[in-house]
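[1] sequence-free structure coming up:
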């Protein structure tokens, strides 16, 4: 009769290597749009179509006007917390991505001013807000949903 010796350390290391390899391959596949379609249906659930000829990022445009103060590079427009534009002129047109949060950073300005929303492209679903008050703070314009 033969006694089989199990080396648990080698078995554990082999299993760990296999699982990490599978995890890395699946993460790589999920970050590639064409491979992601084969693995998950979340794009269909969220109404985002992905194909080899079409990018999944949807964009829209918003026109903003500065009211009650002169243009300044201290007044920034933020998208998801990152600056995307500065008010060098009284009126500015910005391109925004789907499912992003738009804010006005007026924290360096010591007086109260307003931002008027002049125009919103037809493909954006947005609350009926026409003016945002900024008083030395970061004021939220809203969340953007592109149709």
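    Sure thing, it's come through. Quantities reported herein were computed from a predicted structural model and do not represent experimental measurements. Numbers count the residues shown, from 1 in each chain.
[2] got any ranges where the chain has weak pLDDT?
    Per-residue confidence for the chain (pLDDT under 70) gives these ranges: 1-5, 37, 42-57, 128.
[3] That one: helices as residue ranges?
    For the chain, the helices defined by DSSP state H cover 8-31, 33-39, 42-45.
[4] What segments of the chain are strands?
    59-67, 72-79, 82-87, 91-97, 100-105, 112-120, 124-125, 131-135, 138-146 (DSSP state E).
[5] Adding distance to residue 25 and mean neighbour count, write those strands out as JSON lines.
    No exception for glycine: its C-beta is placed from N, CA and C like everyone else's. Output for the strands of the chain, formatted as JSON lines (distance: least, CB to CB, whole Å; neighbours: other CB atoms under 10 Å):
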{"stretch": "strand 59-67", "distance to residue 25": "32", "mean neighbour count": "18"}
{"stretch": "strand 72-79", "distance to residue 25": "33", "mean neighbour count": "17"}
{"stretch": "strand 82-87", "distance to residue 25": "31", "mean neighbour count": "14"}
{"stretch": "strand 91-97", "distance to residue 25": "29", "mean neighbour count": "16"}
{"stretch": "strand 100-105", "distance to residue 25": "30", "mean neighbour count": "19"}
{"stretch": "strand 112-120", "distance to residue 25": "42", "mean neighbour count": "17"}
{"stretch": "strand 124-125", "distance to residue 25": "37", "mean neighbour count": "15"}
{"stretch": "strand 131-135", "distance to residue 25": "46", "mean neighbour count": "16"}
{"stretch": "strand 138-146", "distance to residue 25": "32", "mean neighbour count": "17"}
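[6] I'd like to know which of those lies nearest to residue 9.
    strand 82-87 (46.9 Å; CB to CB).
[7] What helices and strands are in contact with the closest one?
    strand 72-79, strand 91-97 (3 or more CB pairs under 8 Å, 6 or more residues apart in numbering; DSSP states H and E).
[8] Would you tell me which of those strands gets closest to residue 40?
    strand 91-97 (21.0 Å).
[9] Quick check: the gap between the most centrally placed residue in the chain and residue 140.
    For the chain, the residue sitting closest to the mean C-alpha position, by CA atoms, centre = their mean, is residue 100 at 4.7 Å. According to CB to CB, to the nearest Å, residue 100 stands 12 Å off from residue 140.
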